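Colleague: here is a sequence together with a model predicted from it:
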Protein chains: 2
Amino acid sequence: MSDAWQRLLPKLGELSHLRSAGALLNWDQAVLMPHDGGAARAGALATIESIVHERLIEPELGGLIEELASDTTLDEGQAANVRVLKRDRSKAVRLPPLLVAEIARARGVAYEAWTEARPASDFRILQPHLERLVSLKVEEADALGYEEERYDALLDLYEPGMTTRKVEALLGGLVEGLKPLLEDAIPPSVERPAWLEQPFEAVQQDRLCRWLVSSIGFSFDGGRLDSSPHPFTTSIGPGDVRQTIRTQPNALLPSVYAALHETGHALYEQGIPKHLVGMPAGSAPSLGLHESQSRLWENLVGRRRSFTDFLLPHVKERFPAELGMVSPDEFHLGVNYPERTTIRIYADELTYNLHIALRIEIELALFRNELDVADLPDAWNAGMEEHLGIRPQADGEGVLQDVHWSMGLQGYFATYTLGNIYSAAFYNKAEEDLGGLDDDFHNGDVSRLLGWLREKIHSQAYLYPATELAEKVVGHEVNPGPLLDHLREKYTGLT
Amino acid sequence: MSDAWQRLLPKLGELSHLRSAGALLNWDQAVLMPHDGGAARAGALATIESIVHERLIEPELGGLIEELASDTTLDEGQAANVRVLKRDRSKAVRLPPLLVAEIARARGVAYEAWTEARPASDFRILQPHLERLVSLKVEEADALGYEEERYDALLDLYEPGMTTRKVEALLGGLVEGLKPLLEDAIPPSVERPAWLEQPFEAVQQDRLCRWLVSSIGFSFDGGRLDSSPHPFTTSIGPGDVRQTIRTQPNALLPSVYAALHETGHALYEQGIPKHLVGMPAGSAPSLGLHESQSRLWENLVGRRRSFTDFLLPHVKERFPAELGMVSPDEFHLGVNYPERTTIRIYADELTYNLHIALRIEIELALFRNELDVADLPDAWNAGMEEHLGIRPQADGEGVLQDVHWSMGLQGYFATYTLGNIYSAAFYNKAEEDLGGLDDDFHNGDVSRLLGWLREKIHSQAYLYPATELAEKVVGHEVNPGPLLDHLREKYTGLT
């Protein structure tokens, strides 16, 4: 084994451990941390991040990377680690340490403000902190550099190689295709099922979700499922992948489909080959690729008729009084009932990407200096009106609904729609390769599909860039066609 | 403000944040971490520890400390921070990194062996690993240095400034005083109350403990209470103090008194002045001083008649079927029932310190080269016979019962008895200053006592060495007299 690689290994170990510490500090902040711990937590996160930065920019590391970049004795995984590390390092070198620390701190403060602002439905609580954060993100984008426009630099943080131009093209095609589908399906000709909104006991919801995630392959020996206000999944480190859900007192489906969604992410992380976990190339090549797995399990599998048919008896077992009389037709309709809703995370498959389109338009306007943070609520409400024909009653269910902006995740939302586009393309290909998946799902058996995903996607980690991996999987460049076909097929005649 | 202090501040912040990360990684490991995360967690903890070490030994930090040690413009808190940091740094500088790594490794191996040896009740499984660890601890003590004898260096890790000579004097006096009390009280003339052992539902135990810790002043806004196999308390950082308890299916008192004990630690941490929390001087001056607070709430308050009288109706409310018929006399007796037990952690107030005396005698013999590790079981059994008049049936309930030695915590046990001695001296002084504490407790009001502890002890953090602080609090050098008086008073006529 190459001598330079031997010298790189302890450095990779240290980076992995530091990222574990950061991931745990973040997870704990969202799930368990007592209220008064907020200020100090922001500082701890900033320190870990700045030590990672300090280690990344060390000249010795740069020398090792240069040496290894041309080392032909490396195996595929080692070479991918060097490539990703080189990318991470080149970004780190471009970012002044002071800026990194300031962003981390500003993010912590803005997040805390958001946790107050959302329940109070008062954008002004968040506004000054968001203004600061956005101006820091502008600095960050400019420091990172870009070819066409500033927003490219932000996209590239989550979707390496993706550009604003490509996103606008994909999204534009999707939005155009969605319009007629939406017109046809909403308002539906049948009434909203009453059982969608009624009390469902939290403990039983939690048990149902635990059974469900376990039955589709999530390992509790190597992970956890907890509650947090905003469901998410994170890898703390090798053997420790954590997902969260939120149960609502008056609805069952949000927790169930959050669990399916997060399990999609979690199965991806639990499917990364052992020798790559914790290493630079030990995760998805992009967040859109990651999201393809959550969307695939939530929507392509979880909301299809064969799966809702399998699911219903198990749901009835937990909630006999509430759902005993619901038929398979009614259940499938309820799971897919199309509506114009103000809240992204409750949106159905049909309207979801319009929520994303709104957010991306706003982000683009912000980073093209066409919009001030102070005007976000108005821009939000106007955009909702345009895309979905509805207006939020209050900022809490409008511009304040998402945590992303207060966490400095500007540029992130595109990954959701890219995930949707990828997910339908992957599912199509899996059905083409395997055949008869609906028969499997009817019997509650997802093992052939999971095996296919493990082989084609999870085990590939970050050996290839996202677009290259997606192209390898489906055989051609990915486009929104399969997603639009899937939605057209599902919603034609559903209501 | 001094320029050197300004340059020191960010370094103190970084150290505080790193310790927060380490504390959270440790807490999570003991409380929540999924099984498969174990190996990576050990690595993450080692990385954080080695970065702390790296930062401590930086020459620049040494220069700042030297400059600030003679800076007369510092306020009391700043000066204390410099003093404690200097102490931490001088220890870090004296320990060769290789020795630190070897001890960490030997500790890991010995701990693993202990987890096998204890259930198998076979000392030979642990023996070679403990031999290695003890010889490394000898090296550590010699590297750290001492004035009178080697054991001083180990004591000093947990009890700064404490010497073997002082510990032997305090412990000797205590053991002499305990002998006649033990003869009088054990065996008791009344039978062991049957209700001590019977089923108590875990959820109700947990609710009772939550109410209890909150009612004596623990802030859930600034902390948590969770479950773990071994109860402990840790400060994650400012505004985040976490305690754990363990509920047993067939006994109630262990969880209730663990909660009181841990709350004593937690109230201390929550009472550290805001400007000192997370700083070098932002905790107790010694583990014995810390333990004084846990023992004070567990024993001096929690087991006294006025408090058990207050507690009983609340306990009955949660467990009417189990304890509805128990009288205040019977409850107080059950809480204090004296027994000769082989296991330290189940020992009552009367016998507890004899368990400690035995351990310290053995540690002293080891580090004075008067005893070989191979002879530990015999020495243990002989010592138990001498101090408590009983002999363990097997090493599992004898020399193998505690985890401390296999974790390299030689020198630690003294802090438990010092805590007991301090706790009684402090309680005496509080009663002398405040008067009528029993009337308060009868009404469930601990606020005057807590206020006194906050002022006299918690708010003092590490402004003074432990013995100096204790002397300031009680007005003279602390001795075992108050503890012996307290036990004599309690056990005279109890059974």
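Modeller: Done, it's in. Residues are numbered from 1 along each chain as shown, chains lettered A, B, ... in the order given.

Colleague: rest of the way, CA atoms for contacts and neighbours
Modeller: Will do.

Colleague: so the residue nearest to the spatial centre of chain A is in which element?
Modeller: In chain A, the C-alpha nearest the mean C-alpha coordinate belongs to A:Glu291, at 4.9 Å (CA atoms, centre = their mean). Using DSSP states H and E, A:Glu291 sits within helix A:287-295.

Colleague: number of residues surrounding the nearest residue to the residue nearest to the centre of chain A once chain neighbours are set aside?
Modeller: Once flanking residues are discounted, A:Glu291 sits nearest to A:Gly419: 4.5 Å by CA to CA, 6 or more residues apart in numbering or on different chains. Applying other CA atoms under 10 Å in any protein chain shown, we find 22 residues neighbouring A:Gly419.

Colleague: thought A:Gly419 was touching A:Ser286?
Modeller: No: counting by CA atoms under 8 Å, A:Gly419 stays clear of A:Ser286, with 9.6 Å between them.

Colleague: and A:Val100, what does it touch?
Modeller: A:Ala46, A:Glu49, A:Ser50 (CA atoms under 8 Å, 6 or more residues apart in numbering or on different chains).

Colleague: ok, A:Thr341 touching A:Ala347?
Modeller: Yes: contact status for A:Thr341 versus A:Ala347: in contact at 6.1 Å, counting by CA under 8 Å.

Colleague: for whichever strand or helix holds A:Val213, output the C-alpha coordinates as PDB.
Modeller: In this assignment (DSSP H and E), A:Val213 forms part of helix A:202-215. C-alpha atoms of helix A:202-215 as PDB (Å, rounded to 0.1, in the frame of the first residue of the first chain):
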ATOM      1  CA  ALA A 202     -48.900   9.200  19.700                       C
ATOM      2  CA  VAL A 203     -47.600   6.000  21.300                       C
ATOM      3  CA  GLN A 204     -49.400   3.800  18.800                       C
ATOM      4  CA  GLN A 205     -48.200   6.000  15.900                       C
ATOM      5  CA  ASP A 206     -44.700   5.600  17.200                       C
ATOM      6  CA  ARG A 207     -45.000   1.800  17.500                       C
ATOM      7  CA  LEU A 208     -46.400   1.600  14.000                       C
ATOM      8  CA  CYS A 209     -43.500   3.600  12.600                       C
ATOM      9  CA  ARG A 210     -41.000   1.500  14.400                       C
ATOM     10  CA  TRP A 211     -42.500  -1.700  13.000                       C
ATOM     11  CA  LEU A 212     -42.700  -0.100   9.500                       C
ATOM     12  CA  VAL A 213     -39.100   1.100   9.300                       C
ATOM     13  CA  SER A 214     -37.800  -2.100  10.600                       C
ATOM     14  CA  SER A 215     -39.900  -4.200   8.200                       C
END
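
Colleague: and A:Asp226, which of the three is it?
Modeller: At A:Asp226 the chain is in strand, as set by DSSP: H, G, I helix; E, B strand; the rest coil.

Colleague: which parts of stretch A:379-392 are buried?
Modeller: In terms of neighbour count (16 or more other CA atoms under 10 Å in any protein chain shown), stretch A:379-392 has its buried residues at A:Ala379, A:Trp380, A:Asn381, A:Ala382, A:Gly383, A:Met384, A:His387, A:Leu388, A:Arg391, A:Pro392.

Colleague: quick one: which of these is nearest chain B?
Modeller: When the buried residues of stretch A:379-392 are ranked by distance to chain B (CA to the nearest CA), A:Pro392 comes first, at 32.3 Å.

Colleague: list the contacts of the nearest residue to the closest one once chain neighbours are set aside.
Modeller: Of all residues not flanking A:Pro392 in the chain, A:Gly398 sits nearest, at 5.4 Å (CA to CA, 6+ apart). When the contact criterion is CA under 8 Å, 6+ apart, the partners of A:Gly398 are A:Thr342, A:Ile343, A:Pro377, A:Trp380, A:Asn381, A:Pro392.

Colleague: helix, strand, or coil at the first one?
Modeller: Right, A:Thr342. Three-state call for A:Thr342 (three-state DSSP): coil.

Colleague: packing partners of the helix ranked longest in chain A?
Modeller: Counting residues, the longest helix found in chain A (DSSP state H) is helix A:3-31. With contacts taken as 3 or more CA pairs under 8 Å, 6 or more residues apart in numbering or on different chains; DSSP states H and E, helix A:3-31 sits against helix A:38-57, helix A:59-69, strand A:233-237, helix B:3-31, helix B:38-56.

Colleague: go through the third one and flag the buried ones.
Modeller: By neighbour count, with 16+ other CA under 10 Å as the criterion, the buried positions of strand A:233-237 are A:Thr233, A:Thr234, A:Ser235, A:Ile236, A:Gly237.

Colleague: and what of the longest one?
Modeller: The neighbour-count check on helix B:3-31 (16+ other CA under 10 Å) flags B:5, B:8, B:12-30 as buried.

Colleague: lowest-confidence entry in the contacts of A:Gly398?
Modeller: Least confident of these in the model: A:Ile343, at 93.

Colleague: my guess is it meets A:Gly396, correct?
Modeller: No: judged on CA under 8 Å, A:Ile343 makes no contact with A:Gly396 at a distance of 9.7 Å.

Colleague: how about the residue in the stretch 251-400 of chain A that chain B sits nearest to, what does it touch?
Modeller: Using CA to the nearest CA, A:Gly278 is the residue of the stretch 251-400 of chain A that sits closest to chain B, at 9.1 Å. When contacts are counted by CA under 8 Å, 6+ apart, A:Gly278 touches A:Gly13, A:Ser16, A:Gly237, A:Pro238.

Colleague: can you rerun that using 10 Å?
Modeller: Shown in contact with A:Gly278 (CA atoms under 10 Å, 6 or more residues apart in numbering or on different chains): A:12-13, A:15-17, A:19-20, A:235-239, A:272, B:40.

Colleague: same deal with A:Pro96?
Modeller: By CA under 10 Å, 6+ apart, the residues touching A:Pro96 are A:His53, A:Glu139, A:Glu140, A:Ala143.
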